[in-house]
Every structure is written in C-alpha cells, then in structure tokens.
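S.K.: The sequence isn't on hand, but the structure is:
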C-alpha cells in the first residue's frame, strides 16, 4: 500500500543525506517535495501541515546546524515526526477488563472487513494465551453469521451460534453469559454495519455498549477507502467513543494516506493492521516499524516475529544437530522452504529488510519456491537424502514429474550445494568462536 509514498519519500530524503549544510532554501525545497509526496498519497492536509511544521522547527535548530551530518539529522527528524503523527511510542494493543470476560466490540461500515477481523483478532488473542469466544451479532446482512462461524472454525476458534429470531441485544446477553460460565476470558463481538451511517445503527451500537460495557470499541476501517475511512471513524467516535482503529486491506494498492491520517485526525489510536486475507495476517500496529518500512529502513523486529511464528525451538535444535553432523540434505532443504513459505508472500518478507522497501513484486521470482518444491517433491526419499545418486535418467524422470526442465533441476542442485557450503562455513565459525549459530535459535 505504501509503495508509491515510500518511493517518493526515499527519493526526497536520499538527496538530503549528502547535504553538508542545511540552509533555509534547501529545507524549503525539501519540505515542498515532502508536501507534494504526502498530499499525492492522500494524507490529510492537517496531518501534512503538522508534520512539516514539526520538521521545520527542529531542522533549523542548533543541534542540526552544529551537526557533522546535518542532512542525516534532518532525515532522523522526519522519521521522528512521522512516528509522532502515527501515535508516538507503541501503546499496549488492547486493554482488558478487571473481571473476565473482556468484551472487544468491532464496529464499522458494511464491507470494511469486520467479520474477517473478528476471526483474526480472536486468533491473535489465542496466540497471546487468551481464550476468545467469537460472537456474531449482525442479524441483517445475509449469511453474516454463517460467515463468522466458518472463518472462526477455520482459525480453530469457538463461535457462538445465535438462535433464530434473536435480536443483537439478546445474542450479546446470552453469549456473554455462556462465555462467563465456560471460562472464556475474552469475547469478540461482530456488530452490524451499514452502507452509510444512520441513526438506527448508532442506536443499536449504543445499546450494545451500555449492556456489555466493552473493554475496547474498535473501529474497523478499509484502507482502500482513503479519507472516507477517516471521516467515518470520526463519526463513529462521536457516537460511541472509540478506543482504537483496525485498518484492513493494507496489502492493497491504495495510496496509504488513511493509515497516516486516521489516528492524528480522530484522536483514536491505530491498534491493528490487517496485512492479508489469511487469519494469521494480522499484527499490532507499531508506529516506528511502519515508518521504518516507509523510509526504507526495514522492520527487522517484524521479520523476527514472523520467523518465530514458523520456526519453533525443537525444529531449530533438530536443524542444528543435522548441521553439526553435516546432514543438511535436500530433505532438510525442502522443510526449510516450506517453513519460509508459511511466513507469507516473498515480497512481504523482503519489504521488512533494510534498503529493500522499494523492491516490487515484479522484481521478485515469487514462484521460485513453488518450482523448487515441485522438483523436491518429485524426488524419492533416497534421492533427497543422497543427491549424488541423481544421474541423467533420474533427472529426466523428476523433470517429467515436476513439470520443470532438467536445466531447472541442475540449477536447484547448484543452489543447494552453495547453501550447504555456506552452512558448513557457519558451523565451523561457531565451533571456533564458541558462539551461537545465527538464525536457528541456538
């Protein structure tokens, strides 16, 4: 979503880094280009003004003027101001009630992704050690209840099943009682939406709020709607006092302005981002990490967290044991590729690396891992364990089975040989230094 904005901001700041002296003329030119980049990205004009005023005030200060690297100091100021605009230090994602169950009420317009977000939030709570109970209270949209039951069960979550003819208040009352009696410590309530804001919708939400006393009221906004999402958040906030915003579909091709504007304009913190369609593609919002991605500085903490979800300690220990015994085979190679694929699209992984934010999907061979797995899956266990037995006839058979060419198989085997040599080098370095093998948790 931030590709266009990221590219423009990085181009502006790249020229600034080499400046030996920051004059007012240079600063004015830089701020003018920043203003154009932000406005073209659909960032709210008030946010742009606040950001540039903050940068100007600090960039003309004595700290920058006396610095040996004034250009880089201004880049740091831009980064810090962007973080402040986005909410400053990362808040705790959710607050919980003093007595369980804590109710997390999702509100928003129809089509914003509330139902999918309910399942994603439930899965996030489950991974954090909680016991969530999903409750569908949208009795108006056809199949809304069935949708939450389906996506919730896909994510391995328990979903309340309303009785025919129940009102949203009756559903909420019975679900809260069942959650309390069954030991669930959190309730995720999926409320009804409309194509537009109306009095009936707001009255229903106020009634649900009064009955359940939710710990959080989260507004679910579709990032693709741009500044309309910011305006809608403001209206919902005036009606029910929102405590946070969840921005969905940030993997889309919108200009990104809503993400940079919504918290500053409404005064409601952005708490979660929906980064894809799968239930696991959901993460707490970290202003510093998002700014790092936008400015091309990467998000290594985000990358580590993704890896930790896929690689567990037992797998890491087993891998190191194989490396120590020089048993890194094509079988092990296949397992590693499968785990990396679980981390999500290759473009999403690469974007978290410093300096790689501008790499486009078209620049990556996203199907390389798919082709590699097809080749490896077409081999026998013996061939994966002893690659040296792969002669010409075996390679031709594997090529037919995988739909690849013999040249593709040879290329994969060459890459594997290079990787195995690198693994041996890492292992030798570890033995010499008595250190830990990087990336594998040991």
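M.R.: Alright, I've got the coordinates. Bear in mind that the values here come from a model prediction, so they are computed numbers and not experimental data. Numbers count the residues shown, from 1 in each chain.
S.K.: mind listing what's buried in the strand or helix carrying residue 126?
M.R.: Element membership of residue 126, judged by DSSP states H and E, is helix 114-127. The neighbour-count check on helix 114-127 (16 or more other CB atoms under 10 Å) flags 114-126 as buried. C-beta: built from backbone N, CA, C; applies to glycine.
S.K.: Kindly report the same for stretch 178-193.
M.R.: Under the neighbour-count criterion of 16+ other CB under 10 Å, stretch 178-193 has 178, 179, 184, 185, 186, 187, 188, 189, 190, 191, 192, 193 buried.
S.K.: and the fourth one, what does it touch?
M.R.: Same thing as residue 185. For residue 185, the contacting residues are 96, 100, 101, 102, 130, 131, 132, by CB atoms under 8 Å, 6 or more residues apart in numbering.
S.K.: sorry, back to before: which pair of the buried residues of stretch 178-193 spans the longest distance?
M.R.: In the buried residues of stretch 178-193, the most distant members under the criterion CB to CB are 185 and 193, with 26.5 Å between them.
S.K.: what about the strands in the stretch 201-350 of the chain?
M.R.: Secondary structure of the stretch 201-350 of the chain by DSSP state E, counting those that start in this stretch: the strands cover 216-222, 244-248, 270-274, 282-284.
S.K.: Output those strands in a markdown table; the columns should cover mean neighbour count.
M.R.: What follows is the strands of the stretch 201-350 of the chain, written out as a markdown table (neighbours: other CB atoms under 10 Å):
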| stretch | mean neighbour count |
| --- | --- |
| strand 216-222 | 26 |
| strand 244-248 | 25 |
| strand 270-274 | 24 |
| strand 282-284 | 19 |
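S.K.: Could you chop the protein up by domain?
M.R.: Taking automatic domain parsing as the criterion, the chain consists of the domains 3-85, 102-297, 303-433.
S.K.: Could you identify which of those has the lowest mean pLDDT?
M.R.: The stretch with the lowest mean pLDDT among the domains of the chain is domain 303-433, which comes in at a mean of 71.
S.K.: picking that back up, counting neighbours, which of the contacts of residue 185 comes out on top?
M.R.: Neighbour tally across the contacts of residue 185 (other CB atoms under 10 Å): the maximum, 28 neighbours, falls on residue 132.
S.K.: Torsion angles phi and psi at that one?
M.R.: For residue 132, the backbone dihedrals are phi -80, psi 150 (criterion: degrees, to the nearest 10).
S.K.: how close does it get to residue 290?
M.R.: According to CB to CB, to the nearest Å, residue 132 and residue 290 sit 26 Å apart.
S.K.: Not including adjacent chain positions, what is the nearest residue to residue 9?
M.R.: Nearest residue to residue 9 in three dimensions, chain neighbours excluded: residue 37, at 5.6 Å (CB to CB, 6 or more residues apart in numbering).
S.K.: how many other residues sit next to that neighbour?
M.R.: The number of residues near residue 37, taken as other CB under 10 Å, comes to 20.
S.K.: Look up the pLDDT of residue 97 for me, please.
M.R.: As summarised for this prediction, residue 97 has a pLDDT of 89.
S.K.: excluding its backbone neighbours, what's nearest it?
M.R.: Using CB to CB, 6+ apart, the closest residue to residue 97 is residue 215 (4.5 Å).
S.K.: Might you report the residue contacts of the one you found?
M.R.: Contacts here follow CB under 8 Å, 6+ apart; on that basis residue 215 touches 94, 95, 96, 97, 102, 103, 104.
S.K.: swap the cut-off to 10 Å and go again
M.R.: By CB atoms under 10 Å, 6 or more residues apart in numbering, the contact set of residue 215 is 94-98, 100-105, 186-187, 243.
S.K.: List the beta-bridge partners for the residue nearest to residue 263 when sequence neighbours are not counted.
M.R.: Nearest in space to residue 263, with sequence neighbours left out and distances taken as CB to CB, 6+ apart, is residue 270 at 4.6 Å. For residue 270, the residues forming beta bridges with it (DSSP bridges) are residue 245.
S.K.: so which helix or strand takes in residue 395?
M.R.: Counting by DSSP H and E, residue 395 is found in helix 392-402.
S.K.: List the contacts of that helix.
M.R.: The contact list for helix 392-402, computed with CB under 10 Å, 6+ apart, reads 371-380, 382-383, 390, 404-410, 412-413.
S.K.: just the buried members of those?
M.R.: Those of those that meet the buried threshold are 371-372, 374-376, 378-379, 383, 390, 404, 408-409, 412, by 16+ other CB under 10 Å.
S.K.: Could you list which of those residues belong to strands?
M.R.: Residues from the buried ones among the contacts of helix 392-402 lying in strands, with DSSP state E as the criterion: none.
S.K.: Switch these over to TSV; also include distance to residue 335.
M.R.: As requested, these are arranged in TSV below (distance: CB to CB, whole Å):
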residue	distance to residue 335
371	17
372	12
374	15
375	15
376	10
378	16
379	14
383	15
390	19
404	20
408	20
409	19
412	15
